[in-house]
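Enquirer: What follows is a protein structure lacking sequence information:
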């Protein structure tokens with residue numbers, strides 16, 4: 001028997017699937033907006049982020065264990081099919097030269113963009129969101145750890161190169 005309200009089981013299932021599709025579309029639009037913002041921030045003269053900000057970004061992505069610290073790499077850090085290269089598996093950009101987090105020589109890498117969004121809103125990124133008090137509870141979050149345990153001296157130990165912008 002039906003109440004004729006139009007809210008049967010099939011309609012509820014359809015609405016849930018519709019919401020999921022809307023969320024996927026919204027995520028793709030946000031991803032495209034973030035990419036466009038990054039490209040615009042680079043400009044025609046290949047502007048780059050400052051050395052301390054890039055060091056903070058590298059810590060947010062790669063951790064600091066290679067420098068004797070205890071912060072492991074981000075859960076989204078993925079090895080490229082190209083040996084020695086890495087990309088973010090959380091933002092949807094994929095594995096190709098233009099999306100590698102760190103490039104060699106004077107090539108422009110993803111972490112060089114003055115404006116760059118992180119899917120986890122980590123320190124050093126344009127969409128950084130300060131940790132809330134709940135992130136201090138065990139196990140603490142990466143963001144909380146970086147904010148409260150990494151000093152500028154720790155970041156200075158992270159080897160990063162910033163080459164002068166070029167018009168290639």
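Expert: Arrived safely, thanks for sending. It should be emphasised that the depicted structure is a prediction, and the values quoted were computed from it without experimental measurement.

Enquirer: my guess is residue 111 contacts residue 59, does it?
Expert: No: the pair residue 111 / residue 59 is not scored as a contact, 10.8 Å apart, by CB atoms under 8 Å. Where you see a C-beta, it was placed from the backbone N, CA and C, and this is true even at glycine.

Enquirer: Show me where this structure has its helices.
Expert: Taking DSSP state H as the test, the helices found in the chain are 9-42, 51-62, 142-149, 152-156.

Enquirer: between the ones you listed, which gets the lowest average pLDDT?
Expert: If you rank these by mean pLDDT, helix 9-42 sits at the bottom with a mean of 63.

Enquirer: what residue lies at the spatial centre of the protein?
Expert: For the chain, the residue nearest the mean C-alpha position is residue 118 (2.4 Å; CA atoms, centre = their mean).

Enquirer: Which residue, neighbours along the chain excluded, lies closest to that one?
Expert: The shortest distance from residue 118 to any non-neighbouring residue, by CB to CB, 6 or more residues apart in numbering, is to residue 125 (3.9 Å).

Enquirer: Repeat that for residue 40.
Expert: residue 115 (7.4 Å).

Enquirer: ok, now residue 56?
Expert: Counting by CB to CB, 6+ apart, the residue nearest residue 56 is residue 124, at 3.4 Å.

Enquirer: looking at it, the one you found is touching residue 53, isn't it?
Expert: Yes: Residue 124 is within contact range of residue 53, at 5.5 Å (criterion: CB under 8 Å).

Enquirer: Give me the distance between residue 58 and residue 157.
Expert: 11 Å (CB to CB, to the nearest Å).

Enquirer: Which one's more surrounded, these two?
Expert: residue 58 (19 against 15; other CB atoms under 10 Å).

Enquirer: Report the contact partners of the more buried one.
Expert: 101-102, 111, 158, 160 (CB atoms under 8 Å, 6 or more residues apart in numbering).

Enquirer: Just give the number of residues close to the residue nearest to residue 118.
Expert: Neighbours around residue 125, by other CB under 10 Å: 23.

Enquirer: could you list every residue that touches it?
Expert: Each residue near residue 125 by CB under 8 Å, 6+ apart is listed here: 57, 60, 116-118.

Enquirer: mind checking how far it is from residue 133?
Expert: 21 Å.

Enquirer: repeat for residue 124
Expert: Taken as CB to CB, the span from residue 124 to residue 133 is 21 Å.

Enquirer: Looking at these two now, which is surrounded by more residues?
Expert: Comparing residue 124 with residue 133 by other CB under 10 Å, the one with more neighbours is residue 124, at 21 against 7.
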